[in-house]
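Q: turn this into a structure:
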Amino acid sequence: MSGAGTGIGTLMLSCLAVAGAGEAGAIEGEPRKVAALPARLIDAATPLKVDGVLDEDAWQTAREFDTFHEFLPNSGKDAPAALRTTVRLLIDDGALVFGIRAWDATPELMRGSLARRDKVGTDQDFIGIWLDPTGHGRAAQFVRVNIAGVLSDGIYRADEDESDLGPDFPIDAAVRRLADGYTMEVRWPLSNLRFPYADGKTWRVMIERSVPHAGGLLLTSTPLTTDTIGHIGVMQDIDGMGGTVAAVRDRSFLELRPELTLRANSDADGAGRHRANQGSVGLEINARPRADMVFNATLNPDFSQVEIDEPTSSGASRIALSLPEKRGFFLESADVLGLPLAAFYSRTVADPEWGLRGTWRAAEADATAMSLRDQAGGVVLRGGPYETAEYDQTRRTLSSLLRARWHGDGALLGAFASRRDYGDAGANQVFGLDGQWRGDGQQAAWLLMHSQTSAGFVDAPAAATLRVPARNGAYLSGKYTQLSEDWWNELKLEAVGPGFVNDNGFVPQTGIVKADINLNRRLGPHRLGFADTAFQAYEMEAHLGLHEIRTLSDAFSGQPGKQIVERKLQPGIWFRAARQTDFWANLGFDQQRGRREGPLHDVPALHFGLESSPLPWLARIKSEVTLGKQLDVDADRVGRGGNAVLEVALRFALPRGWAMELDQRVNRAWVQGTLGRPAFVDNGWRWLGMLHFTPADSLRLLAQNTSAARRDDGVSGLEPWADRQMHRSLLYRHLWRHGRSLSVGFARDRTRAPDTVGKSLTVKFQWEM
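A: The predicted model follows:
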């Protein structure tokens, strides 16, 4: 960093230390011992119906756990007596069955209605169950069930502190609302829990309860606090699992899920109208010969009814943005894969003909391997210092990955090999090593990769893939996190060689060195505002962010080294208040370069954001805004502008037990020209409505527009252009049970410049055996 940046950073840190010296909130007392959750194994002949009532004899004799703690908004406190929660755990012939009793003195204020799967959040009353069958504390499978019986489930990775909501587990749940709260039963099949065959660690669990009407309370069965690294940093043992593991580890499971898709298409463009009818049959196979082995296969999968991606905008930048994965095959064993996007990005496989995957887990090691044949028609991204180039994937490719890891106490070592084969047009191969370390309030991770690439791309005279002389490249990244009662700090370093390519990963920039430092002084609770309008901030932090990207020299392209691509100095604040409200604001003393020969521009701006769940029907409002100077990269000029995103989620309970979800998203990026109007604009708008008739029947309406345009800015002389895309779709879905569904959908897509219209009617039937 420059001397000026270092001086400002030192001054800022001194101010932070003084500000927090007298008022930083400390958690009182010594760390409390985490009691185990008792489990009881019941006979296979014992009747146990999942109906939410808890009236069977087995529940009456099961031991009860009732020690809960407040995690949010004030971590470290005991749970309120009026919100007593008890948990019982039974193990039947093939599943873990949780029985929960939740008391509430004001049950009329409880929130929860029918919603889409994976849309259960802290704006609703729910019970969450987090399971770590390996006992390593690096990942957990979780499910959240709201009081209408709707599920959110997925896999949590502690190293990235991220929850992946893609996996859908065959969990049965039932809820019974009472005059003083509710009861709940959750049955989690052992066939969908992944654990070592022998010598495994004790299974671990954490139960959570959300009570939004009580000030946004989130209660946990462990004394989890906000100075713990990761949401599963403190879990409790399950007492009584040893015999169960031995009894079920040799049981095999086989799941076949065929699907039939019928589609009628109509496309119109300048050449006329084209119609086509087609039918396809696909198959998914999931097999578990024993507890530590899982095999998955997919043949001719159809992803047409996966919800399209939300519109995003990088403004006038030419750096690509990543997109989330929503396809189930790619999400199996994501905890074992455990790689950042730079190493593996499943969205690089756009339209697979088939895919195979196998995963193995042992007490101190695990491994996974996959191979997929991808059809032509996708997009290949190749990064540079200032832009991400996009090329058409003009031929079928074979994408393969092999991954293995070793686990130790507080440490992990891993290795992987990846290959993207373009046939006679060459290939891209990547080999990598990675590691993690965890200590008391500290965590570190590193990744080293080497690539060799002999596949290249050209756009003219026609898009093509061709063999080129092999080129090598290297990648190195490291991350260190330190967390205490007073500080939350993070350091990230990343170096991407100019010749590095990973066509199975997401590497939007190469030929750079990047450094990120985030220092956060935790200031504890504060009252903010003036006397008449003051409000309580449960937590408050002062923030200083330092970020810099510099180029590496590259004789192949002529790129000079040590050139500053981007530099940011951003002091700011963050606080959390009532109604699950988070607010942050940063002052950006930033600089940015748009191209190799261009100058380094000053782009000062104000960055701020707000997220809240203010009302039962206004489940969430989220906004992120940047206002100030913006760099128009193509024009290599700076103008007033900004980037704004607004998301609003509405939830309504309707008569007859129906429910409605309405989600809106609007985003806009713009840079003003010299003629009194924006020289560049990028807009997106999305409206999604879901009408739920029953837990099994729903109707989804989706409308989405995206547009971008360039106008005369009065300086650069760039040619004006405009692009617009529109999507409308209606989908009805009936779900018999997990894995068995019928859906009927209609979609209409339109683009401008060129003007094309596409319509499709799709009927899809899935059946699980």
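
Q: in contact with the spatially most central residue of the chain: list those residues for me.
A: Centroid-nearest residue in the chain: Asp164, 4.9 Å away (criterion: Cα atoms, centre = their mean). Taking Cβ atoms under 8 Å, 6 or more residues apart in numbering, we find Asp164 in contact with Gly154, Ile155, Tyr156, Arg157, Glu325, Leu331, Ala334. Heads up, the C-betas are built off the backbone N, CA and C, glycines and all.

Q: leaving out chain neighbours, which residue sits closest to the last one?
A: Using Cβ to Cβ, 6 or more residues apart in numbering and skipping residues adjacent in sequence, the residue nearest Ala334 is Ile155, 5.3 Å away.

Q: can you list contacts of the helix or strand where the one you found lies?
A: If you go by DSSP states H and E, Ile155 is part of strand 151-157. Strand 151-157 has contacts (Cβ under 8 Å, 6+ apart) with 117-121, 126, 130, 138-145, 162-169, 171, 173, 231-232, 331, 334-335, 338.

Q: part of a strand, is Phe693?
A: Yes. The assignment for Phe693 (DSSP: H, G, I helix; E, B strand; the rest coil) places it in a strand.

Q: nearest residue to it in space, please, no chain neighbours.
A: Trp658 (5.8 Å).

Q: can you count the residues close to that neighbour?
A: 15 (other Cβ atoms under 10 Å).

Q: do the same with the one 5 residues further on
A: When counting by other Cβ under 10 Å, one arrives at 20 neighbours for Asp663.

Q: residues contacting it?
A: Glu647, Val648, Ala649, Leu650, Arg686, Trp687, Leu688, Gly689.

Q: ok, of the residues you listed, which come out buried?
A: Glu647, Ala649, Leu650, Arg686, Leu688, Gly689 (16 or more other Cβ atoms under 10 Å).

Q: would a markdown table of the residues you listed with distance to Phe431 and secondary structure be doable?
A: Converted to a markdown table, those look like this (distance: Cβ to Cβ, whole Å; DSSP: H, G, I helix; E, B strand; the rest coil):
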| residue | distance to Phe431 | secondary structure |
| --- | --- | --- |
| Glu647 | 40 | strand |
| Ala649 | 43 | strand |
| Leu650 | 49 | strand |
| Arg686 | 40 | strand |
| Leu688 | 42 | strand |
| Gly689 | 48 | strand |
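
Q: before we move on, the earlier item: how far is the strand holding Ile155 from where the chain is centred?
A: 10 Å (Cα atoms, centre = their mean, to the nearest Å).

Q: any idea how far Thr220 lies from Asp161?
A: Separation of Thr220 from Asp161 (Cβ to Cβ, to the nearest Å): 16 Å.

Q: whoops, I mixed them up, Ile549
A: 24 Å.

Q: neighbour count: the two, which is higher?
A: Each of Ile549 and Asp161 has its neighbours counted (other Cβ under 10 Å); Ile549 has more, 21 against 14.

Q: right, and the more buried one touches Ile512 too?
A: Yes. Between Ile549 and Ile512 there is a contact under Cβ atoms under 8 Å: 5.3 Å.

Q: so what sits against both of those two?
A: Overlap between the contact sets of Ile549 and Ile512, as judged by Cβ under 8 Å, 6+ apart, is given by Val565.

Q: ok, the closest residue in space to Asp712 that isn't next to it in sequence to Arg752 distance?
A: In space, Asp712 comes closest to Pro720 once its chain neighbours are excluded; the distance is 6.0 Å by Cβ to Cβ, 6+ apart. Pro720 sits 14 Å away from Arg752, going by Cβ to Cβ.

Q: give me the beta-bridge partners of Asn489?
A: Gln482, Leu519 (DSSP bridges).

Q: report the contact partners of it.
A: Thr481, Gln482, Leu483, Ile517, Asn518, Leu519, Asn520.

Q: just Trp188 next, same as before
A: Ala95, Leu96, Val97, Phe98, Ile129, Leu131, Val143, Phe169, Ile171.

Q: among the residues you listed, which are in strands?
A: Under the assignment DSSP state E, those contribute Ala95, Leu96, Val97, Phe98, Ile129, Leu131, Val143 to strands.

Q: from the residues you listed, pick the one nearest Asp634.
A: Val143 (46.7 Å; Cβ to Cβ).

Q: coming back round to it: same list (the contacts of Trp188) but as JSON lines, adding distance to Trp59 and pLDDT.
A: Output for the contacts of Trp188, formatted as JSON lines (distance: Cβ to Cβ, whole Å; pLDDT from 0 to 100):
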{"residue": "Ala95", "distance to Trp59": "15", "pLDDT": "90"}
{"residue": "Leu96", "distance to Trp59": "14", "pLDDT": "94"}
{"residue": "Val97", "distance to Trp59": "9", "pLDDT": "96"}
{"residue": "Phe98", "distance to Trp59": "11", "pLDDT": "97"}
{"residue": "Ile129", "distance to Trp59": "17", "pLDDT": "98"}
{"residue": "Leu131", "distance to Trp59": "20", "pLDDT": "95"}
{"residue": "Val143", "distance to Trp59": "20", "pLDDT": "96"}
{"residue": "Phe169", "distance to Trp59": "23", "pLDDT": "87"}
{"residue": "Ile171", "distance to Trp59": "18", "pLDDT": "93"}
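
Q: so how far is Arg373 from Arg395?
A: 11 Å.

Q: with Trp685 instead?
A: Taken as Cβ to Cβ, the span from Trp685 to Arg373 is 37 Å.

Q: with Tyr732 instead?
A: The gap separating Tyr732 from Arg373 is 32 Å, by Cβ to Cβ.

Q: look up the residues forming beta bridges with the nearest residue to Gly410 once chain neighbours are set aside.
A: Excluding the flanking residues, the one nearest Gly410 by Cβ to Cβ, 6+ apart is Arg438, at 4.8 Å. Taking DSSP bridges as the rule, Arg438 bridges to Gln443.

Q: residue contacts, Arg438?
A: Gly137, Ile229, Gly410, Ala411, Ala444.

Q: ok, now which ones touch the closest residue to Arg361 other than its chain neighbours?
A: Once flanking residues are discounted, Arg361 sits nearest to Asp292: 4.7 Å by Cβ to Cβ, 6+ apart. The contact partners of Asp292, by Cβ under 8 Å, 6+ apart, come to Arg194, Phe195, Pro196, Tyr197, Arg249, Trp360, Arg361, Ala362.

Q: which two in these are spaced the farthest apart?
A: Arg249 and Trp360 (13.5 Å).

Q: quick one, which of these two is more surrounded?
A: More neighbours surround Trp360 than the other of Arg249 and Trp360, with 19 against 16 (other Cβ under 10 Å).

Q: in which helix or strand does the more buried one reside?
A: Short version, using DSSP H and E: Trp360 is in strand 352-361.

Q: buried sites along that strand?
A: Pro352, Gly355, Leu356, Arg357, Gly358, Thr359, Trp360, Arg361.

Q: can you check stretch 692-708 too?
A: His692, Phe693, Ser698, Arg700, Leu702, Gln704, Asn705, Thr706, Ser707, Ala708.

Q: any chance of these in CSV, with secondary structure, pLDDT and distance to Gly529 too?
A: Shown next, in CSV, are the buried residues of stretch 692-708 (DSSP: H, G, I helix; E, B strand; the rest coil; pLDDT from 0 to 100; distance: Cβ to Cβ, whole Å):
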residue, secondary structure, pLDDT, distance to Gly529
His692, strand, 96, 40
Phe693, strand, 95, 45
Ser698, strand, 95, 43
Arg700, strand, 95, 42
Leu702, strand, 94, 40
Gln704, strand, 95, 39
Asn705, strand, 95, 39
Thr706, strand, 94, 39
Ser707, strand, 94, 40
Ala708, strand, 93, 40
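
Q: any chance of those in JSON lines with distance to Pro599 as columns?
A: Shown next, in JSON lines, are these (distance: Cβ to Cβ, whole Å):
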{"residue": "His692", "distance to Pro599": "55"}
{"residue": "Phe693", "distance to Pro599": "60"}
{"residue": "Ser698", "distance to Pro599": "54"}
{"residue": "Arg700", "distance to Pro599": "49"}
{"residue": "Leu702", "distance to Pro599": "43"}
{"residue": "Gln704", "distance to Pro599": "38"}
{"residue": "Asn705", "distance to Pro599": "36"}
{"residue": "Thr706", "distance to Pro599": "31"}
{"residue": "Ser707", "distance to Pro599": "30"}
{"residue": "Ala708", "distance to Pro599": "25"}
